Structure formats: C-alpha cells, structure tokens
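**Q** give me the fold of what follows.
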Amino acid sequence: METNVKGQERLRDKVRLTLKVNYYSSVFCLIFYLLCTVLLDITEVIPTIFLVFGILNLINTFAYYFHKNLTITYNIVSIMTLTGATIITLYSGGISSPFIFVLALIVFAGYVTTRVYGQIYLNLNILIIVLIYSQSVTDFSFVTNVVPEKSRDLFAFFSVLFSVYLLGGVFGKTLLEAHHKLYKSKGEIEERIREKETLLREVHHRVKNNLQTVSSLLSLQSRSISDEHVRALLKSSQNRVISMAMVHEMLYMHKDLAKIEYKAYVEELSEFLVKSVKGAENNVKLNIDIPDIKLGIDTAIPLGLLINEAITNALKYGIKDDAEGEISIALKKEEEQGYVLNIGDNGVGFSETVNFKNTKSLGLKLIHNLARQLKGSIVRDRSKKGTNYIVKFREIEQRHQFDSVA
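**A** As a prediction, this is how the structure comes out:
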C-alpha cells in the first residue's frame, strides 16, 4: 500500500515537471517569436518555427488532461523540440549556433521522465549533432544563416538565456524540490523501519517469555504428578515449547530479525536436550555438521521441532540408560532452496515393521508430520546402525497461515 502511494507521488512529480516545462517552453517560444520579428529583424524560417512550436506545444499540453498519458505528451513535445531545435540550429549558424544547447534539454528531460527514452534521445541527438557538423564543414551546405550579422550576438544571448533558464530555473528548481521531498521521505521511512524493528524485536522477546512461562507451568504441573509416564509426556511437551522459545530468543538477540544462524541453534538445542534427558553427566556424543546458513522462522521452528523429536526419541529409546552413544546431525544445502537433513543415532533402533502409521509414539508421528509441513520427504536410512532419517525439504519463504503439525 505504502509502495503504491510512493509510486503515485513520483508519477505526479513527473507529470508536474513535464507540464511545467511544456508551459514555459511554449511561452518562451512565443516570446522568442516576437523578439525575432520585432527586435532581431529575423524574417525567415526561425520566427515561424518558434510560433508553430509554441502553439502546437500548448495544444499538446492541454491534450494531456484528456488522454492522461504522460508518455504520449512527452514524446510529442520531444519530437517537436528535436525537429524545431535542429532547424533553428541549422539556420542560425549550424554547429556554431548557440541554440544547439537546447538539444541537450531533450536528453535531460528524457532521463527525468524515463531512462529508456532518455537513452533513445541521447543517441538520436548525438547523430543529429554529427550531421549538423558534417553539413557545416562541407562545401555542400544546403542552409544559410538567416540571422542578420548585427543581431547574432543578441540572438546568442537570448538562446543561452533560454537554455539556462529552462535547465536551472525550471528543471533544477523542480528537481531540487523533488530531492528534498525524497530526502524527507527517506528519513521518515528509515524512522518507521527502526520503529518496526524495535516492535518486532519486542514481539519476539515477549513470545519467548510467554513460551518460557508455559514451559515453567508444565514443569510445575509435572512435579505434582506421580505417574512417571504422564510426567515424561509433560517433560516432552516442555522441551517442544523450549525448542520454539529458542528460535524467538535468537531472533531478538541478533540484528537479523527474519532469519537465525541455524548451526548455533541446533548446537544449543541438542546440548539442552541431552542434559534434560540424560543429565549433566552423560555418555552421549554429539556430531553436528551444519554450515553457516540462515533459516527463516517459518522453516526454523518446524525443523527445530523435528530435530527435537528425533533427538528425544534417540535419547529415550535408542541410547538406553547410561550407555555410550552418538547422535549425528548433518544439514547441507542441495539446490537453490532445497536442503537435506541427516539425523539419527547409533543406538538399538526399532523394528522395520514399525512406522508412523501403526505406531502409538507421538514423537514418530510428529517427525513425519513436521517433514510434511516443511513440504519435504522423510525416509529411514537403513544403511546405518540405530535409527537414522534422511529429510529433504525446501525453505518456506512466506507463511500466510499457521499449519497444524497434528
């Protein structure tokens, strides 16, 4: 919405500049017509060009209010200016004519209005100037200087004055106003961006705090329950909440509020889970191989939950009690937005007949559902000892709604 408003403002500035230049050009051309006929005693060609251009350009300018197409208005005035300025230059001294500088105004106006037309008229003007020079230095010149000798200095003065006024007084002043407006808008946008970043950082901080509160409530609840199975379920839920809280914590603690350094996140999450399930003193070794990649929150959270479930299952069922064991996690980029996650343990494993469809294990079901939420695939790697998975997924760029993992 804001981008559209800025675009409309820029378009209005271009329209205002083009119409303003058209009005001034027409008025000056009509004044030039009077100067040529009354003061400079120029009777051939040049006064007629000024008069015709002044009238046609006023008609072209008023026509804009009916068709509302700035490109048409600009191209008509550019073609008329190019033609008129070329003729006046040829009949007022050729390459030595001071009126040749008006040709540069067309190029300048083209770049202000649109880069494409600016480049076109630049190349066209260069060609015209070369042709004007060619006919001026050859013996086959088909035009003569119709400006009387006594009036040439005054004609040069008015020509330069005309060019300088349009360039500085009209173009320059309008562009300076646009520059100040743009600079002011830039400052306002930067201020709004800083405010939004502060707000977003605060949101992540509060989400993290709320998730930690939920985790604390689950911990308190588990203490009042004597059933070990129920306590284990609450502990698993608590760890899932903490895995999500870690994402939000990393987002508000770093400059990038959209993506997190995933290697640091997985290392912190893995160490926390091992200590949570096996205690501070344990015989579990973590092998983490993750490059320096950043993932957005829509990918980081479901992938973090998947890793949480895989590690928790490995610690509870794969590596029994105080036995030694290894948990391996490797993440690599496969293609433009594709990733491959290899995760597993070297524990006792489980039967090949068990799968997420026929099992009662919530963790195994969540692993498969989370892989699906990541729009990926998951297969069991049976070439390795224990329980190992290969998860292929693509980074989720934008999420319009929250998908359920259930």
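**Q** export the strand or helix carrying Thr312 as PDB, just CAs?
**A** When secondary structure is defined using DSSP states H and E, the element that contains Thr312 is helix 297-313. Only the C-alpha atoms of helix 297-313 are listed here, as PDB (Å, rounded to 0.1, in the frame of the first residue of the first chain):
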ATOM      1  CA  ILE A 297      11.200 -18.600  11.300                       C
ATOM      2  CA  ASP A 298       8.600 -20.500   9.200                       C
ATOM      3  CA  THR A 299      11.300 -23.100   8.400                       C
ATOM      4  CA  ALA A 300      13.300 -22.900  11.600                       C
ATOM      5  CA  ILE A 301      10.500 -23.700  14.000                       C
ATOM      6  CA  PRO A 302       9.100 -26.900  12.400                       C
ATOM      7  CA  LEU A 303      12.600 -28.100  11.600                       C
ATOM      8  CA  GLY A 304      13.600 -27.400  15.200                       C
ATOM      9  CA  LEU A 305      10.700 -29.400  16.400                       C
ATOM     10  CA  LEU A 306      11.600 -32.300  14.100                       C
ATOM     11  CA  ILE A 307      15.100 -32.300  15.400                       C
ATOM     12  CA  ASN A 308      13.800 -32.100  18.900                       C
ATOM     13  CA  GLU A 309      11.600 -35.200  18.400                       C
ATOM     14  CA  ALA A 310      14.400 -37.200  16.700                       C
ATOM     15  CA  ILE A 311      16.900 -36.400  19.400                       C
ATOM     16  CA  THR A 312      14.400 -37.100  22.200                       C
ATOM     17  CA  ASN A 313      13.500 -40.400  20.700                       C
END
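**Q** export stretch 316-332 as PDB, just CAs?
**A** Output for stretch 316-332, consisting of C-alpha atoms alone and laid out as PDB, is shown next (Å, rounded to 0.1, in the frame of the first residue of the first chain):
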ATOM      1  CA  LYS A 316      14.900 -42.200  25.400                       C
ATOM      2  CA  TYR A 317      14.700 -45.400  23.200                       C
ATOM      3  CA  GLY A 318      17.900 -45.600  21.100                       C
ATOM      4  CA  ILE A 319      20.600 -45.000  23.700                       C
ATOM      5  CA  LYS A 320      19.500 -46.900  26.800                       C
ATOM      6  CA  ASP A 321      20.100 -45.600  30.300                       C
ATOM      7  CA  ASP A 322      23.800 -44.700  30.800                       C
ATOM      8  CA  ALA A 323      25.100 -46.500  27.700                       C
ATOM      9  CA  GLU A 324      27.500 -44.700  25.400                       C
ATOM     10  CA  GLY A 325      26.100 -43.400  22.200                       C
ATOM     11  CA  GLU A 326      26.300 -40.900  19.400                       C
ATOM     12  CA  ILE A 327      23.800 -38.600  17.800                       C
ATOM     13  CA  SER A 328      24.600 -37.200  14.400                       C
ATOM     14  CA  ILE A 329      23.000 -34.200  12.800                       C
ATOM     15  CA  ALA A 330      24.100 -33.000   9.300                       C
ATOM     16  CA  LEU A 331      22.400 -30.300   7.300                       C
ATOM     17  CA  LYS A 332      23.500 -29.300   3.800                       C
END
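**Q** what average pLDDT does that stretch get?
**A** Per-region confidence: stretch 316-332 scores 88 on mean pLDDT.
**Q** so the closest residue to Ser222 other than its chain neighbours, which of the three states?
**A** With CB to CB, 6 or more residues apart in numbering as the criterion, Ser222 has its nearest non-adjacent residue at 4.2 Å, and that residue is Leu234. Just so you know, the C-beta spots here come from the backbone N, C-alpha and C atoms, and that holds for glycine as well. Judged by DSSP: H, G, I helix; E, B strand; the rest coil, the three-state class of Leu234 is helix.
**Q** mind listing the helices for the stretch 1-150 of the chain?
**A** Shown for the stretch 1-150 of the chain, the helices assigned by DSSP state H, counting those that start in this stretch span residues 2-34, 46-67, 70-90, 102-113, 115-137.
**Q** for this protein, give me the ranges with low pLDDT.
**A** The chain contains residues with pLDDT under 70 at 1-11, 13-14, 17, 108-116, 139-141, 168-179, 182, 337, 351-361, 398-406.
**Q** which helices and strands sit right next to the lengthiest helix in it?
**A** Longest helix in the chain, counting residues (DSSP state H): helix 173-223. For helix 173-223, the elements it packs on are helix 2-34, helix 228-253, judged by 3 or more CB pairs under 8 Å, 6 or more residues apart in numbering; DSSP states H and E.
**Q** check those for me and report the most buried one.
**A** Comparing the helices and strands packed on helix 173-223 on average neighbours per residue, with mean count of other CB atoms under 10 Å, the densest one is helix 228-253 at a mean of 18.
**Q** helix or strand next in line after that one, which one?
**A** On the C-terminal side of helix 228-253, the nearest following helix or strand under DSSP H and E is strand 259-261.
**Q** what helices or strands is the very next helix or strand once past that next one leaning on?
**A** Scanning forward in sequence from strand 259-261, with DSSP H and E defining helices and strands, the next element found is helix 262-278. Taking 3+ CB pairs under 8 Å, 6+ apart as contact, the helices and strands that helix 262-278 lies on are helix 228-253, strand 284-289, helix 297-313, strand 325-333.
**Q** got the buried residues for helix 262-278?
**A** By neighbour count on 16 or more other CB atoms under 10 Å, the buried set for helix 262-278 is 262-263, 265-266, 269-270, 272-274, 276-278.
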